[in-house]
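Chemist: mind folding the following:
(2 chains)
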Amino acid sequence: KAGVTQTPRYLIKTRGQQVTLSCSPISGHRSVSWYQQTPGQGLQFLFEYFSETQRNKGNFPGRFSGRQFSNSRSEMNVSTLELGDSALYLCASSQNQAGAANTEAFFGQGTRLTVV
Amino acid sequence: EDQVTQSPEALRLQEGESSSLNCSYTVSGLRGLFWYRQDPGKGPEFLFTLYSAGEEKEKERLKATLTKKESFLHITAPKPEDSATYLCAVPAGNMLTFGGGTRLMVKP
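Modeler: Model (predicted):
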């Protein structure tokens, strides 16, 4: 059974640019969550999608957005990149929506974004 | 407010020296507690789920236990390959709330 796949693995962008990251969840999983991980802040929740609906959003500016497609694949977009957006972006998939039973989340390898 | 706190932040052990990592939590209505292992530059790898106080799970040299206020990850006779950051998390609302992690270093 294939795991969670995130692409690309590494990205270097310039301040002011925008970026789109992709996540393919485990087959059969309908929930996809995104997290930002930095050395100083740890893992911080960005948003969760379940059946194409955003159910929860973390405390991040509107420059961070996402969507989920009918096949459960998800993308997140960051516009007008800032130096502070440099981080490891992690996607996690689970069978059910967070908060319900069987919600073990399985993570992808992440996308390392560097903003210069 | 739901909170998860892990201690210690870092732990250095000699190979074979057993120890425990702590994860204390404050949530309204625990719906599971998850342990993960994370290697540098990689995504967290799922280890265990615990649902109720008194529950224990084991995998190789790791054993996770749960009480009403905290969870412990016991590492028995660790090896250098057990070196990693160990994270615990609880479901809170529609997301997982993570602790800050414990960075474990096992020296040969």
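Chemist: just checking, what packs against the lowest-mean-pLDDT helix or strand in chain B?
Modeler: The weakest-scoring helix or strand in chain B, judged by mean pLDDT, DSSP states H and E, is strand B:95-98 (a mean of 88). Strand B:95-98 sits against strand A:42-50, strand B:3-7, strand B:84-92, with contacts defined as 3 or more C-beta pairs under 8 Å, 6 or more residues apart in numbering or on different chains; DSSP states H and E. Where you see a C-beta, it was placed from the backbone N, CA and C, and this is true even at glycine.
Chemist: between these, which one is nearest to residue A:19?
Modeler: When these are ranked by proximity to residue A:19, the top entry is strand A:42-50, at 13.5 Å, counting by C-beta to C-beta.
Chemist: before we move on, back to that, make JSON lines out of the helices and strands packed on strand B:95-98 and add mean pLDDT and distance to residue B:99.
Modeler: JSON lines is the format used below for the helices and strands packed on strand B:95-98 (pLDDT from 0 to 100; distance: least, C-beta to C-beta, whole Å):
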{"stretch": "strand A:42-50", "mean pLDDT": "92", "distance to residue B:99": "8"}
{"stretch": "strand B:3-7", "mean pLDDT": "95", "distance to residue B:99": "4"}
{"stretch": "strand B:84-92", "mean pLDDT": "93", "distance to residue B:99": "5"}
